[in-house]
Every structure is written in C-alpha cells, then in structure tokens.
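Novice: From the sequence below, what's the structure:
(chains A and B)
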Number of protein chains: 2
Amino acid sequence: MKPEANSKVVIVGAGFGGLLCARDLDGFETRDRRSVHVTLIDRHDYHTFQPLLYQVATSLLEPLDVAYPIRKIFRGSKNIHVRQAMVERVDFERKVVCSSDGAEHSYDMLVLATGSTTNFFGNEAIEASSFGVKDLSEALQLRNHVLACLERSVEFADPEERRRLLTFVVCGGGPTGVEFAGALAELLDLVVPAEYPELQREECQIHLIEGQERVLGPFHPSLSAYAGRVLEGKGVKLHLGVLVKEATESRVVTGDGEVIECGTIMWSAGVKPADLGDGCAAQKNKGKRIQVDRWLRLVEHPEVFAIGDVACVPEDPRGIPMLAQPAIQQGGYAAARIREIVEGKDPAGAAPFEYKDKGTMATVGKNAAVVQLGKLRIRGFAGWVAWMALHIFYLIGFRNRLSVMLSWAGYFFGRDRPSRIMTSPAGDSLSASVDEELKP
Amino acid sequence: MKPEANSKVVIVGAGFGGLLCARDLDGFETRDRRSVHVTLIDRHDYHTFQPLLYQVATSLLEPLDVAYPIRKIFRGSKNIHVRQAMVERVDFERKVVCSSDGAEHSYDMLVLATGSTTNFFGNEAIEASSFGVKDLSEALQLRNHVLACLERSVEFADPEERRRLLTFVVCGGGPTGVEFAGALAELLDLVVPAEYPELQREECQIHLIEGQERVLGPFHPSLSAYAGRVLEGKGVKLHLGVLVKEATESRVVTGDGEVIECGTIMWSAGVKPADLGDGCAAQKNKGKRIQVDRWLRLVEHPEVFAIGDVACVPEDPRGIPMLAQPAIQQGGYAAARIREIVEGKDPAGAAPFEYKDKGTMATVGKNAAVVQLGKLRIRGFAGWVAWMALHIFYLIGFRNRLSVMLSWAGYFFGRDRPSRIMTSPAGDSLSASVDEELKP
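Specialist: So this is what the prediction gives:
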C-alpha cells in the first residue's frame, strides 16, 4: 500500500483495544513528516472500565469511577479526533464508515474494535427477563432493580412473595458471575440487617447456575474449588453442571427440572462479539468473531485490522480469551503495524501477533481473590491485595483512582456501600415501572 | 388530643424539612416511656441536596455527591421506618396515607413535607421542550442533553444549525438560573477549546431571560448588579424585564418579539408546591401552598402539620421563601410540637413558628458569589469562600463532603469538570433519541 502524506485511520470502539491503539498513534509522525489523522468513534462519550461494572451493579462504585470521558484522554492531541456516534455500516469497497448520525468517515486504514456484548444464545425470553453487566447502563439498571427488590419486599405480607423478591439468580459461573454473586452477598450482609429491620437476612437467597462442573472454568481446579467454597461460605447456593432451560421475570427452570422462583436474574453465561452484523461483510468464524490473519488484518482487506473480543486470531481455533489483556496487546500491535505502513514498510515483515498471557484474576469477596500467573497461583487475602493493586493501576485518571480507593477503603475498614441510590435520568418512569412490575 | 402509648407519625417527603423532622424524633421517648413510631415516606430511596443539583447538570458533581440513602441516615434507629413509595392520597377522616404500591399507612400525627416542583404556569409547550433542575433525574437529563449538543454539533457543516445547537437559553434569573448560567459558561470555557477542536467557543451562546428588571430579585440591588456584571463578563447575554412568550424545542420567543434559535432550554422561572393535588383536600392559598396556622397545623386537622415549600404560614401572605432554611427550621419546629403532644401538652401553648432569616447566598461562578445576611452583604471571592464552607458543612456524610471537596479543588486549582459522561440506565435509548432529535 502506498503511504499517503497524511493517512486517515478510523478506529471503531474505544474499549481497551481501540483506546490503546489510538494512544499509540497519538502524536505519531515519521521522519519525513508523514502523519496519521485518527478518528476514534464510540457510541458513548466515555471509555468504560468493564472489569469493575459488577461493583457499580452492587452499589460499591459510582458511574464516574469506571467511566472516563474519551475527549479528555486525548485533550490537546493534534491528530486524534473523537466522535460519539453509533457505527452502522462499513463499506470496505469505498473505504467508508457510516454512523447513525448520517456522517461518513473515509479511511485509508481501519481498526475494528467493537468488543463484545451479552450472549443470550437466541433465547428471547431470557433476554427480556434478565440483566447483563456489559455496559454502564446495564450495571445501573441492575443496581436499581436489586435495590428496588429490597424496598418492595418490605411491603409484602405474603412470605412466599417476599422470598421470591429476595431471591437472586446468577446465570454463569465465570469471573463476572462469581464476582457479582460474591459482591451481592456482601451487599445483602451489610445492608439488610442494618437498614431493613423489616427483613431477615435469611429470607434473601442467591443461586449461581453454571453449566460446567466447577466455577471459574479458565482457572486451575484448585482455585475453582477455593472460589466455590468462599461463595458457599457466603450463603450462595451453587448449581454446577446444570444449564438454564427457561426463564421468565419471576422464575428460572434449570435443565434438571428445578424451579427457582426469583425477583432478579443476572445473566453472565456468555458473551458474543459486538460486530456490525450485516453492516460488516467480513469473514467470521463459528463464534462470529472476525477472522484475521496473523498480523490481525482481514484476509480480503489487508488495510483493515480487527482487535480484541471481535477478532479471531488463527493460532487458536476458539480464539484468544475475550478479556482486557489481549485487547490491550492487540491495540498496541495494530498501532505498530499502522505506523510501519505509514513509514512505507510492509507490516507482514513484522513478527506475527503473539498473545502473552499475563495471568488472570477474579475476586470472590472481601479478602478473597484468586490469581493465576502461569504456574503461580495465589488465593485468599494475598490474591485480593494483588487484585486491588492491579485494578487501581489500570484505572485511568487520578480522580478515578482516588475515588475508587476511597470507596474500597470504606468497604474494607468501615462497612459501607456508598452508592445505594436508585437514579434514573428517565425520571419517575423507573420507579413507576418497578412498582408496576413488582406490585403485590 | 389524648396521647397514645406509641403514637404513629407519618412524614411524607424526605427533603430538608421531612428529614430534619424525622431526625428530631429519632429515639424520642417520654419519661413515662411513651414513644413515637415514625414512618418516613419518599418517592426516592435517597435525600437530595437540591441546592447543588445545578452542579450535577453542569458536569461538576456526580449523583452520589448530592444524594444520600435515607435508610443509611436512620441506620440502627429503633423508631424511624423508611419507605420508598409514591404517596397518592391522604384520607384525613380515616387518618390514612395511601401509596402507589397499594400500602396504607395509618397515623395519629402526619407531617406533609412534599416540597416543590417546577412551575411551567400551565404552558405545556414549554414544559415539553425545556429542562428543569428540581431533582436528580432532571439534572442528569439536562447534563446528558448539554453534552449531546456539543457532540452532535461537531457533525453539522451548516454554521446556522451548529450555532443553534450551541445556543443555550436559561429562563429565570433567580438563584438557580444564575448559578446554572454561570456554571454552564465555565463548562464551555473549559471544555470547548481544550476538547472540541472542531468548535469555536464563540459559536456557543448563553441567554438568560428574566421577567424582573434585575437578576437575583430577593437580593439587594447592588448584589444583583454585581451578579449581572459577572454573568455578562462570562459572555452570558441578559434579557431583563422580558417574559418568555413561547418555546419549542428549537426556539424561544420573548415577550418583546425576539426569536432565539436554540438547542437547549433550561427552565427555572418558577416553582410550585408539590402537594398531593386532589388527593389532599387541604385548604390552599393562591399559590397552592397548604394553609397552616401559626403552629404549622392544618386548620381543619390539627393533627396534621405541613412544612417547607408546601406550607403557607399565616404571617406572610406570599409565604416564607421556598428554600432549604425555612424547611429545616419548620421540620425542627414540627418535631418539637409532636413531642409535646406525646407528652400530653397542647402544642398551641408553645410560641408560634417564627422564621429566622439566616441569610441567602448564590454563586455566579468561580471566585464569585453573593451573600446577604441581614444588612451584611458580601460578594466576590470572600462570598465564594463563605458559600463553599456553608454548602460543605450542610452536605450530609463524610464521603459526600470529601468527594465534593475533591471535585471543587480540581475545579479551582486545576481546570476540570470530571463528570463529563452521558449515562443512562435506559440503555442506548438516550443517545438514540438524542440522535433522532438532533439529526441534521
């Protein structure tokens, strides 16, 4: 590809991958003063720190703690241009990205970094009746709903109906499900005895349903067992090796026929690539991830990169795990190839992308986390300290870091969940609809 | 009235008045062990610090900074019972309060503290096309809208359409209008040059329309003049002695025929008591405030108190100003009378309620506020320091205080508006509807 004096790069998505890619292109200029004009498009005006959304959903953190304005990150940048818009279509022939506000963004090089979304496996009933935690709106909706269930149950005289409202079902025993279940148990421990004298803590139940025989499948079995024990110690009822057969707003039926009457269903049993669907006619693998070559380029369109959750790298047929780390590494990798292209080099001359597993971790509650770094396995309090340090380090921005530390300090030393407020820009429609839904 | 062994008190509304009244009844017990069972009902599960909502609307503070869970305030209390519900009706004969979740709360003594809401004076077109800042939902909606106007205007090539989107009209020159206009001007000063290279600050305009000949009518004319000068120095165009004749989503027409094309209308030109309407057949004055006697009791129902914005005290035909201070004083006064009733005393034996004016203040921007304490008048930086100290003092809770101080420090020393994120529990419907509304 012949380099242009000022190549146009469009990055779709400002998650970990897209954001890191844009950062690595910020201020880039070759010796002969060739540069890149980058347009970074996201449907939100903020970057979301997804790994902590479950803490927003359980009233520990506020939206601003896990969201950061994208324009602020690139304040003063000469070549990074931020757009808040929904991308609807990519025209690979004309090399144009079309967004829902009617604008067209032409590109010389394109980076697709649209991330992933909750996968309900086509089950519309489950989708309609359950909550995800893949973005900030979902996390806030779930928080509002959990708090509303507590508030509403106070008014119910019928003990069965109360118990139903106070039963929470978590579908999926991966990191998100485990972290949410642990944090929810701690929220109930903290809030119900102290602030709901009308309720008994024992009336509240949390069920976790996981298709595999153990929680935290990607971790070593000993860590899975530890996490399971911690959850059970918190009163979470584990249903292992069991699938969800059907779900409505008031009950979940498992594959082995058990019926769980409940007021809340949290769904974290799957994610799928949030690609542009029919608007992006790229070759996809079975899991709908976009097939890329070993340099993360679309086979038919070598000027287009796909990174993060949306991309399927050839090495691994199942694909690299859909986590922040691979996205960050791929964002940096794609930026390096784009710089080479502008410098007139062939990106295929570079070493193919290789994922360096820097380890995974999950927290099961206060003082309890599991960390897996190659053969090193840490659990308990030490794991929790490692988990906290890493997450604070990765949170962008001084204020976010400080605010999160304050919240966590309050949670560790005191016993507090500061964010127990139901807010909704939609006015009273929320509480009205909750009232309607939960009416005796 | 014969005192009961355990009198039932219902307080409707957990604003400044209702909250203070409940606090003063928390743990109350007579010498012969008579007590009060208090039910505090609010439509939200949090108390709102209304005077700072305009800072949420202008991206300086987060929801949690101005909202505090009511149950947390009364954590561990033996006699204060919190309910989140909409009150629909009061049956004075049966002495029952009915809420929208179907529950009935019977009372021996009732305190109506429902506060006030935005008054559009019956003009539905204005109501449909403008934003208020009377509760947290409204403040977040306004914030989202202001940020969306900036984001959308970037895509518009037509300079007239851009200018319209970047024109903000504030209706009403009372404290809320003045504070919002000043804070909005500073937000634009800060954000537009640094983060919207596609826009010029000069394209953004703020108009403030006030029916009286000066802003801040309740203040001394010299302070009004100072506030007006500060606003004009920030580029706010003042339209004084002018009424709003009509408003649609894209324009405001003033009484003297001027047409202002705009993208945002903020309405703070009036408030009205948020009483229960037909559901509360109490005698009301011309301004719809509930008529009370000099002991804040309904004339026909001496066991019912009305306090704060919703009440009209006989001394002053226009009523005491609808501010936090009178509500706080009346909340304490009503609690004292309720305690006397339980003790078997006649509340009419007490001195009638007398409002002690502790002064008013308003901030026009960084380093600029006006304070009026009787004959003492402070303005400028000294006024601003007084304003800050008082507001931090009154904010409930350590975390709120610390978080607000951090935000304000960032604003004063650095130059930052941390909360520039558009969040909505309603998912993408917000950005979708904004897209729709603002489409080229």
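
Novice: Is there proximity between the longest helix belonging to chain A and chain B?
Specialist: Criterion DSSP state H: the longest helix present in chain A is helix A:175-195. Yes - interface with chain B: helix A:175-195 contributes A:191, A:194-195 (C-beta under 8 Å from any C-beta of the partner chain). Yep, even glycine has a C-beta here, placed from its N, CA and C like the rest.

Novice: Kindly report the same for stretch A:259-270.
Specialist: No - Stretch A:259-270 lies out of reach of chain B by C-beta under 8 Å from any C-beta, never closer than 14.5 Å.

Novice: Show me what counts as buried in that stretch.
Specialist: Buried residues in stretch A:259-270, counted by 16 or more other C-beta atoms under 10 Å in any protein chain shown: A:260, A:262-270.

Novice: Please apply the same query to stretch A:291-303.
Specialist: Going by neighbour count (16+ other C-beta under 10 Å), the buried part of stretch A:291-303 is A:291-292, A:295-298, A:301-303.

Novice: try stretch A:247-256
Specialist: A:247, A:250-252, A:254.

Novice: Can you tell me which of those residues is nearest chain B?
Specialist: Closest approach between the buried residues of stretch A:247-256 and chain B, by C-beta to the nearest C-beta: A:S250, at 17.1 Å.

Novice: contacting residues around the closest one?
Specialist: A:S250 makes contact with A:164, A:261-263, according to C-beta atoms under 8 Å, 6 or more residues apart in numbering or on different chains.

Novice: Need the max-distance pair from those.
Specialist: A:E261 and A:G263 (8.5 Å; C-beta to C-beta).

Novice: joint contacts of those two?
Specialist: A:164, A:167, A:250.

Novice: could you check the distance from A:A194 over to B:S77?
Specialist: Using C-beta to C-beta, to the nearest Å, A:A194 is found at 10 Å from B:S77.

Novice: Who has more neighbours out of the two?
Specialist: Neighbours were counted for A:A194 and for B:S77 using other C-beta atoms under 10 Å in any protein chain shown; B:S77 has more, 19 against 13.

Novice: Do you know the pLDDT at that one?
Specialist: Note on B:S77: pLDDT of 92.

Novice: Go ahead and confirm it touches B:L25.
Specialist: No - B:S77 is beyond contact range of B:L25, at 9.6 Å (criterion: C-beta atoms under 8 Å).

Novice: and which of the buried residues of stretch A:291-303 is nearest to chain B?
Specialist: A:E303 (24.6 Å).

Novice: ok, the closest one touching A:K95?
Specialist: Yes - at 7.5 Å, A:E303 and A:K95 qualify as touching, with contact defined as C-beta under 8 Å.

Novice: shared neighbours of those two, anything?
Specialist: Common contacts of A:E303 and A:K95 (C-beta under 8 Å, 6+ apart): A:107-108, A:110.

Novice: before we move on, back to that, which of the shared contacts of A:E261 and A:G263 fall within strands?
Specialist: Cross-referencing the shared contacts of A:E261 and A:G263 against strands under DSSP state E gives A:T167.

Novice: got the contact list for A:K95?
Specialist: Taking C-beta under 8 Å, 6+ apart, we find A:K95 in contact with A:106-108, A:110, A:303.

Novice: rerun at 6 Å
Specialist: By C-beta atoms under 6 Å, 6 or more residues apart in numbering or on different chains, A:K95 lies in contact with A:106-107.

Novice: same thing with A:L19?
Specialist: Counted by C-beta under 6 Å, 6+ apart, A:L19 has contacts A:H47.

Novice: ok, the nearest residue to A:S129 once chain neighbours are set aside to chain B distance?
Specialist: Nearest-residue entry for A:S129: A:E249, 4.4 Å, with adjacent residues in sequence omitted and distances by C-beta to C-beta, 6 or more residues apart in numbering or on different chains. Counting by C-beta to the nearest C-beta, to the nearest Å, the separation of A:E249 from chain B is 17 Å.

Novice: Pretty sure A:E249 sits against A:S130.
Specialist: No - using C-beta atoms under 6 Å, A:E249 is not in contact with A:S130; the gap is 8.8 Å.

Novice: What parts of the stretch 1-150 of chain A come near chain B?
Specialist: Applying C-beta under 6 Å from any C-beta of the partner chain, one finds that the stretch 1-150 of chain A approaches chain B through A:45-46, A:62-64, A:67, A:69, A:71, A:75, A:84, A:100-103, A:136-137, A:140-141.

Novice: In strands only, show me those residues.
Specialist: In strands, defined here by DSSP E, the members of the residues of the stretch 1-150 of chain A next to chain B are A:46, A:67, A:69, A:84.

Novice: all helices of the stretch 51-200 of chain A, in order?
Specialist: A:53-57, A:63-66, A:70-73, A:124-129, A:136-153, A:159-165, A:175-195 (DSSP state H, counting those that start in this stretch).

Novice: Tell me which of the ones you listed sits nearest to B:D309.
Specialist: For the helices of the stretch 51-200 of chain A, proximity to B:D309 was assessed by C-beta to C-beta; helix A:136-153 is nearest, at 25.0 Å.

Novice: Do I have it right that A:T58 meets A:E186?
Specialist: No - A:T58 lies out of contact with A:E186 (C-beta under 6 Å); the separation is 7.6 Å.

Novice: For those two, work out which one has more neighbours and name it.
Specialist: For A:T58 versus A:E186, the count of surrounding residues by other C-beta under 10 Å is larger for A:T58: 26 against 19.

Novice: need the contact list for the more buried one.
Specialist: Neighbouring residues of A:T58 by C-beta under 6 Å, 6+ apart: A:183-184, A:187.

Novice: before we move on, the earlier item: take the contacts of A:S250 and keep only those in strands.
Specialist: The subset of the contacts of A:S250 located in strands under the criterion DSSP E comprises A:E261.

Novice: In a markdown table: the contacts of A:S250, plus distance to B:Q325 and pLDDT.
Specialist: Shown next, in a markdown table, are the contacts of A:S250 (distance: C-beta to C-beta, whole Å; pLDDT from 0 to 100):
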| residue | distance to B:Q325 | pLDDT |
| --- | --- | --- |
| A:R164 | 45 | 96 |
| A:E261 | 49 | 97 |
| A:C262 | 46 | 97 |
| A:G263 | 41 | 96 |
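
Novice: Could you point out which of the contacts of A:S250 is nearest to chain B?
Specialist: The closest of these to chain B turns out to be A:G263 (C-beta to the nearest C-beta; 14.5 Å).

Novice: Looking at the closest residue to that closest one other than its chain neighbours now. What's its pLDDT?
Specialist: Leaving aside its sequence neighbours, A:G263 sits nearest to A:L165 (C-beta to C-beta, 6+ apart; 4.0 Å). Per-residue pLDDT puts A:L165 at 96.
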